[in-house]
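**Q** Build me a structure from this.
(2 chains)
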Protein chains: 2
Amino acid sequence: MHLDEYPRSSLLELQSDLLEQYEQFKAKELKLNMARGKPSSEQLELSLPCLSILDEQSDLFASDGTDCRNYGVLAGIPEARSFMGAMMQEPAENVFVCGASSLNAMYDTFARCYCFGQLGSTPWCKLDEIKWICPVPGYDRHFAILESFGVQMINVPMTEDGPDMDIVEQLVASDAAIKGIWCVPKYSNPTGTSYSDDTVRRLASMECAAEDFRIFWDNAYAVHHLYDEADQQDQVLDIALACKEAGNINRYIKFASLSKITFPGASISAFACSAENMAEAQKRCGAQTIGFDKLNQLRQVRFLKDMDGLADHMSKHAAIMRPKFELVIKKLENDLEGFGCSWTKPKGGYFVSFTGPNNTAKRVVSLAADAGVTLTGAGAPFPYKNDPDDAVIRIAPSLPPLEELEQALEVFCCCVKIAAVERLLDKAE
Amino acid sequence: MHLDEYPRSSLLELQSDLLEQYEQFKAKELKLNMARGKPSSEQLELSLPCLSILDEQSDLFASDGTDCRNYGVLAGIPEARSFMGAMMQEPAENVFVCGASSLNAMYDTFARCYCFGQLGSTPWCKLDEIKWICPVPGYDRHFAILESFGVQMINVPMTEDGPDMDIVEQLVASDAAIKGIWCVPKYSNPTGTSYSDDTVRRLASMECAAEDFRIFWDNAYAVHHLYDEADQQDQVLDIALACKEAGNINRYIKFASLSKITFPGASISAFACSAENMAEAQKRCGAQTIGFDKLNQLRQVRFLKDMDGLADHMSKHAAIMRPKFELVIKKLENDLEGFGCSWTKPKGGYFVSFTGPNNTAKRVVSLAADAGVTLTGAGAPFPYKNDPDDAVIRIAPSLPPLEELEQALEVFCCCVKIAAVERLLDKAE
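**A** Sure, this is the predicted structure:
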């Protein structure tokens, strides 16, 4: 029976039971965290050998003879550009290897557009307004970059195929102030959606009023499958290929990092783009730095070796992540039947996107916090932290060990039910 | 006898001798590089143990319990902030530890001023013009940052006490478009000058028409002495202290890195500033990154340990650098007497600034290049690469081994003499 159909007396009885259960959770004084997409200790241990790959006896020269201990090499050593290029489906010369944070690479790329424009266009800082398309729910840190630059963000809903392209096409065709779109094309944060080929082609070929429109293609989960079987792994059409075919080769900028592969915030990141965009980026970046950490480039690439080495390594991550995702889905299915909730069932990435009844998300996050379970803030997956329905919660199951995750999910489900019942009782009044 | 007093016939004879000597150098097919301030292999080897400081068995937690393998900690782990703070004469809370490049930290700091202003001031990108004071000769990469943002650079000559403060004070008092000044206060690049206490106090206390005037204090050579004896080491008054005393605590931003201490471009850098500036920087940087490489912070600090460890380490660098600087001075003194040249005699840093007769610097660099000796480009130490006198050449003696340096200096002195004689003969015509 669906909760809506409960008589008021049953709702009150259920509420009383749930609150009792909730108090029991509180009494346990839990301290569990499902807030961020952080790898677990078990995952981090997979990469420990990476730390001693370089030592006093190591050959510290790159394949082109560059001494990685000294200054030089703006866009990365050849083997790092090749490795990241293979991962990003780009030739090495289209790849710029950056520091430990792809977020930083995205921020810097946006900042270059803002300060200098793109390929001769007016610097965005000189325009009266800048707008940006934000598929929602999406990644909070993407939105934070735009917010810090005062960009007006436009919500476009995610479908099962990616952003709703009917809406996107209409928007970008008619408004030259819209300068770009955020995309997490594979196992999207937080829905786990992978873009269909049709979506990729439409993004690449759509008419844009802004000549310097840019797709920020954050392929953060490109190799982060939950299953080893090829037919259980999502594939996304290469945006570079689609842009080239559409005659818009300068439209995309790809981003990736090894953060959720080796060490978050201590590995390497990269961006990739057309030859023209790369030439401009190198010119600009040449004023910003002499070059990024080449010893760490060497360390990361020697550890992962090549795409086979990468796949083997990611398979070990998957073996740790898989049971956590399966547990999330099982718990939600078991506990929340009839409560008007829905959730995604990703085959990769770091998140499950949960949608409760309207006007409950904030309440759930707050209840869970009081019971010692930290969730991602309600609203976080939306621009300005504003979920118009107050319904979406991002579940990040990676960090806690399996046993803790199970406890956290029990608390979570209890809080969802309490909030759902409260809303119904409120409505009835 | 001074060259000016030579009769024309003697000049021609000298020229012929010099050209013969020059051809002999060319025949050697040398390939020597004195272009950049890069540490030598011998110096890099001092830090090799740093590579194996962290391994699979290491404690990878920071002093506050942060797991350095995972995401988090925007401004740096406590021990890294403390270490850099001790080096920069700042409490840890005023220090933000960045990635491997202090140049990047400076560029980013400038870019934040440009995009967002400082403490509520108008973003510099919204202004019609921005100007900046550039003490000359100075550091080419400082000027390249400003040039990329279209900032109008104003040359101010360096004196033996730092920038000519009479000129600086007059400029900044009268022009609100002047937003800042580059300073390399100790063993300045390229003159080796250290600022006098009076210069520091005048910088800190001068009246500035721009309320958001900033001193970019690039203390790149803070611990890079050539001599171990305290009385042979320059000391510079702390700009933070001077700004505080003058009631202008928000005026300075300090920069430093371990690049010329451990591994250039693969260590850590930092900026330091007042509490108000730091709060704003953290807010802005929080949109740019989750945090910089904490494993490398741990690695660097565990290797150098503390200020005593740092001093010991720098003493080893000095032992390698000292004979090179002494050789430079000795060669110049021996070879160039009477040729109308002058040069600085630094007690630290990475450079000697050489001033030849007017209108000879480009010719010398070109002659040297043809004989296989790469020098820093003539004009490089000036904004827009424009040395109005075409007289200054930056000598960077660190990279080549001592024997190669001697050869390179012989070529250099020969080229200087050829160019000097040519100019006199040209004049006489």
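
**Q** Can you tell me which residue is spatially central in chain A?
**A** Nearest to the geometric centre of chain A sits A:N189, at 3.9 Å (C-alpha atoms, centre = their mean).

**Q** just checking, that residue is part of a strand?
**A** No - going by DSSP: H, G, I helix; E, B strand; the rest coil, the assignment for A:N189 is coil, not a strand.

**Q** Find the residue closest to it in space, skipping its chain neighbours.
**A** Spatially, and ignoring its direct neighbours in sequence, A:N189 is nearest to A:Y139 (4.3 Å; C-beta to C-beta, 6 or more residues apart in numbering or on different chains). Quick note: C-beta positions are derived from backbone N, CA and C, even for glycine.

**Q** ranges for the strands of the stretch 101-250 of chain A?
**A** A:131-136, A:152-159, A:162-163, A:178-183, A:214-218 (DSSP state E, counting those that start in this stretch).

**Q** Any chance you could list what contacts the first one?
**A** Outside strand A:131-136, the residues that touch it by C-beta atoms under 8 Å, 6 or more residues apart in numbering or on different chains are A:142-143, A:146, A:151-158, A:162-163, A:168, A:171-172, A:175, A:177-183, A:188, A:381-383.

**Q** neighbouring strands for it, and are they parallel or not?
**A** The strands beside strand A:131-136 in its sheet (DSSP bridges) come out as strand A:152-159 (parallel), strand A:178-183 (parallel).

**Q** Likewise for the third one?
**A** For strand A:162-163, sheet partners with direction are given as strand A:152-159 (antiparallel), following DSSP bridges.

**Q** Now do the domain split for chain A, please.
**A** Using automatic domain parsing, the domains assigned to chain A come out as A:3-44+A:311-428, A:61-304.

**Q** How about the first one and chain B, any contact?
**A** Read that as domain A:3-44+A:311-428. Yes - using C-beta under 8 Å from any C-beta of the partner chain, domain A:3-44+A:311-428 reaches chain B at A:36, A:38-39, A:41, A:44.

**Q** what comes up buried for the worst-scoring helix or strand of chain A on mean pLDDT?
**A** For chain A, using mean pLDDT, DSSP states H and E, the weakest element among its helices and strands is strand A:32-34, scoring a mean of 93. Within strand A:32-34, the residues that count as buried by 16 or more other C-beta atoms under 10 Å in any protein chain shown are A:32, A:34.

**Q** Which other helices and strands does the lengthiest helix in chain A contact?
**A** Taking DSSP state H as the criterion, chain A has its longest helix at helix A:307-335. In terms of contacts (3 or more C-beta pairs under 8 Å, 6 or more residues apart in numbering or on different chains; DSSP states H and E), helix A:307-335 is packed against helix A:41-45, helix A:78-88, strand A:342-343, strand A:352-355, helix A:402-428.

**Q** would you list the ones you listed in TSV and tack on mean neighbour count?
**A** Shown next, in TSV, are the helices and strands packed on helix A:307-335 (neighbours: other C-beta atoms under 10 Å in any protein chain shown):
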stretch	mean neighbour count
helix A:41-45	16
helix A:78-88	22
strand A:342-343	15
strand A:352-355	22
helix A:402-428	19
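
**Q** Kindly reformat the ones you listed as JSON lines containing distance to A:E326 and mean pLDDT.
**A** Listed next are the helices and strands packed on helix A:307-335 as JSON lines, based on distance: least, C-beta to C-beta, whole Å; pLDDT from 0 to 100:
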{"stretch": "helix A:41-45", "distance to A:E326": "16", "mean pLDDT": "98"}
{"stretch": "helix A:78-88", "distance to A:E326": "26", "mean pLDDT": "98"}
{"stretch": "strand A:342-343", "distance to A:E326": "13", "mean pLDDT": "98"}
{"stretch": "strand A:352-355", "distance to A:E326": "11", "mean pLDDT": "98"}
{"stretch": "helix A:402-428", "distance to A:E326": "10", "mean pLDDT": "95"}
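
**Q** which residues does the closest residue to A:P91 other than its chain neighbours contact?
**A** Using C-beta to C-beta, 6+ apart and skipping residues adjacent in sequence, the residue nearest A:P91 is A:G85, 5.9 Å away. Contacts for A:G85 (C-beta under 8 Å, 6+ apart) come out as A:91-92, A:94-95, A:272.

**Q** Other residues contacting the helix or strand harbouring A:Q300?
**A** With elements taken from DSSP states H and E, the one containing A:Q300 is helix A:294-304. Identification of contacts with helix A:294-304 by C-beta under 8 Å, 6+ apart yields A:47, A:49-50, A:53-54, A:60, A:62, A:66, A:68-69, A:72-73, A:76-77, A:79-80, A:83, A:97, A:100, A:258, A:261-262, A:266-268, A:310, A:313, B:51, B:263, B:265-266, B:293, B:296.

**Q** Give the ChimeraX command for selecting the buried subset of those.
**A** Buried members of the contacts of helix A:294-304, defined by 16+ other C-beta under 10 Å, are picked up in ChimeraX with:
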select /A:47,50,53,54,60,62,66,68,69,72,73,76,77,79,80,83,97,100,258,261,262,266,267,268,310,313 /B:51,263,265,266,293,296
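
**Q** Just the closest residue of the stretch 301-429 of chain A to chain B, please.
**A** A:L399 (8.5 Å; C-beta to the nearest C-beta).

**Q** close enough to count as contact, that residue and A:R36?
**A** Yes - using C-beta atoms under 8 Å, A:L399 is in contact with A:R36, at 7.2 Å.

**Q** which one of the two has more residues nearby?
**A** A:L399 (24 against 18; other C-beta atoms under 10 Å in any protein chain shown).

**Q** about what we covered before: need the strands of the stretch 101-250 of chain A in a markdown table (columns: mean pLDDT and mean neighbour count).
**A** Putting the strands of the stretch 101-250 of chain A into a markdown table (pLDDT from 0 to 100; neighbours: other C-beta atoms under 10 Å in any protein chain shown) gives the following:
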| stretch | mean pLDDT | mean neighbour count |
| --- | --- | --- |
| strand A:131-136 | 98 | 23 |
| strand A:152-159 | 98 | 17 |
| strand A:162-163 | 98 | 25 |
| strand A:178-183 | 98 | 25 |
| strand A:214-218 | 98 | 25 |
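
**Q** need those strands in TSV with distance to A:I239, can you?
**A** Converted to TSV, the strands of the stretch 101-250 of chain A look like this (distance: least, C-beta to C-beta, whole Å):
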stretch	distance to A:I239
strand A:131-136	14
strand A:152-159	17
strand A:162-163	11
strand A:178-183	8
strand A:214-218	5
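
**Q** nearest to A:W343, of those strands?
**A** A:W343 lies closest to strand A:152-159 among the strands of the stretch 101-250 of chain A, at 13.7 Å (C-beta to C-beta).

**Q** Chain neighbours aside, what residue packs nearest to A:S101?
**A** A:S101 sits nearest to B:T289 (C-beta to C-beta, 6+ apart), 4.5 Å away.

**Q** Got the phi and psi for the one you found?
**A** Phi and psi for B:T289, reported as degrees, to the nearest 10, are phi -160, psi 160.

**Q** what about it, neighbour count?
**A** 23.

**Q** just checking, it touches A:S102?
**A** No - assessed by C-beta under 8 Å, B:T289 is found out of contact with A:S102, at 9.5 Å.

**Q** where are the low-confidence patches of chain A?
**A** A:429 (pLDDT under 70).

**Q** same thing but 90
**A** Within chain A, the stretches with pLDDT under 90 are A:1-2, A:4, A:426-429.

**Q** Three-state assignment for the residue of it positioned farthest from its centre, please.
**A** Largest separation from the mean C-alpha position in chain A: A:S9, at 43.2 Å (C-alpha atoms, centre = their mean). State at A:S9, reduced to three classes by three-state DSSP: helix.

**Q** List the contacts of it.
**A** With C-beta under 8 Å, 6+ apart, A:S9 has no contacts at all.

**Q** That one and chain B: what is the separation?
**A** A:S9 is 48 Å from chain B, where distance means C-beta to the nearest C-beta, to the nearest Å.

**Q** So that residue versus B:C134, what's the distance?
**A** For A:S9, the distance to B:C134 (C-beta to C-beta, to the nearest Å) stands at 80 Å.
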